[in-house]
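**Q** pasted the sequence and its predicted model underneath.
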Amino acid sequence: MDYTDCWYMASCPRCPDECGATCLRFAEMLHLVESSNIPKARWYTKPLLCYEDYDAFVRLQTIKLSIEEWVKSGNNLYLYSEKFGNGKTSWAIKLMLSYFNAIWAGNSFRTRGIFLSMPEFLDRNREVISNRDPEFIAVRQAILECDLVIWDDITSTKMTDYNHSMLLNYLDARILANKSNIFTGNVGYEQMTDLLGGRLASRICNTSESLQFIDADKRGLK
């Protein structure tokens, strides 16, 4: 990765002329995003348009400004909307990147957050039964240990018994350990119960602050 891609280009007096392999801030941030499983196309946040979701955006900005304490306190968040493309995933990643920015100093190249695209995660979780993929096994271990997990599009599919049991175990372990989670989805509690089952829906909704987005699809708008 080129140092001209540095997150701090606009604010760091060393960028770009004095950047190099000795820049610990860049190296730590790079490690955090690489180990988080955030898609590379989303490593850099962009301004999000807001029309009808002002109150939700204000609340999310408040969380963002105190993100280190929010995560340390083991808070959970559920961002949902019946509509697509209105910023749920973007906000979840924005919060995770803000957390990385807050804790990079002294991190010692640890994994502190994991982004999970649930359709992909559930497919790989099924495949690992017969194919012991070391990289994916490391991701599953990180889910139990890292500070913050984004469970993106968690209501995308109806759960099999195996996936339901697996997710319930992960969430119970994280909640008991006071570790933070951000969930995104496209349904409210009643529909979530139909898709995920009552126990899993209860873990998500009853432990999380819920924010509903009502803006229309904004993908591609500037």
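**A** Sure thing, it's come through.
**Q** switch to C-alpha atoms for all contacts and neighbour counts from now on
**A** OK.
**Q** residues making contact with stretch 35-55?
**A** Stretch 35-55 is contacted from outside by 7, 33, 57, 87, 90, 93-94, 97, 111-116, 213-215, 218, 222, using CA atoms under 8 Å, 6 or more residues apart in numbering.
**Q** which of those fall within strands?
**A** Judged by DSSP state E, strands contain the following of these: Gly113, Ile114, Phe115, Leu116.
**Q** I'd say the third one and Ile154 touch.
**A** No. The pair formed by Phe115 and Ile154 falls short of the contact definition of CA atoms under 8 Å, at 11.7 Å.
**Q** quick check, central residue of this structure?
**A** Of all residues in the chain, the one closest to the mean position by CA atoms, centre = their mean is Ile150, 2.7 Å from it.
**Q** next secondary structure element downstream of the host helix or strand of it?
**A** Here Ile150, judged by DSSP states H and E, is contained in strand 148-152. Proceeding N to C from strand 148-152, the next assigned helix or strand is helix 161-176, under DSSP H and E.
**Q** packing partners for that next one?
**A** helix 134-145, helix 198-207 (3 or more CA pairs under 8 Å, 6 or more residues apart in numbering; DSSP states H and E).
**Q** how many residues are close by Asp161?
**A** By other CA atoms under 10 Å, the residues close to Asp161 number 10.
**Q** can you check Asp55 too?
**A** There are 13 residues near Asp55, going by other CA under 10 Å.
**Q** roughly how far does it sit from Ile214?
**A** Going from Asp55 to Ile214 by CA to CA, to the nearest Å gives 11 Å.
**Q** hmm, back to that, can you list the strands that the strand holding Ile150 pairs with?
**A** strand 113-117 (parallel), strand 180-185 (parallel) (DSSP bridges).
**Q** now these in TSV, with mean pLDDT and distance to Met192?
**A** TSV is the format used below for the strands paired with strand 148-152 (pLDDT from 0 to 100; distance: least, CA to CA, whole Å):
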stretch	mean pLDDT	distance to Met192
strand 113-117	97	17
strand 180-185	97	9
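**Q** let me see the contact set for Tyr100.
**A** Tyr isn't right for residue 100; it's Phe. Met29, Leu32, Val33, Arg112.
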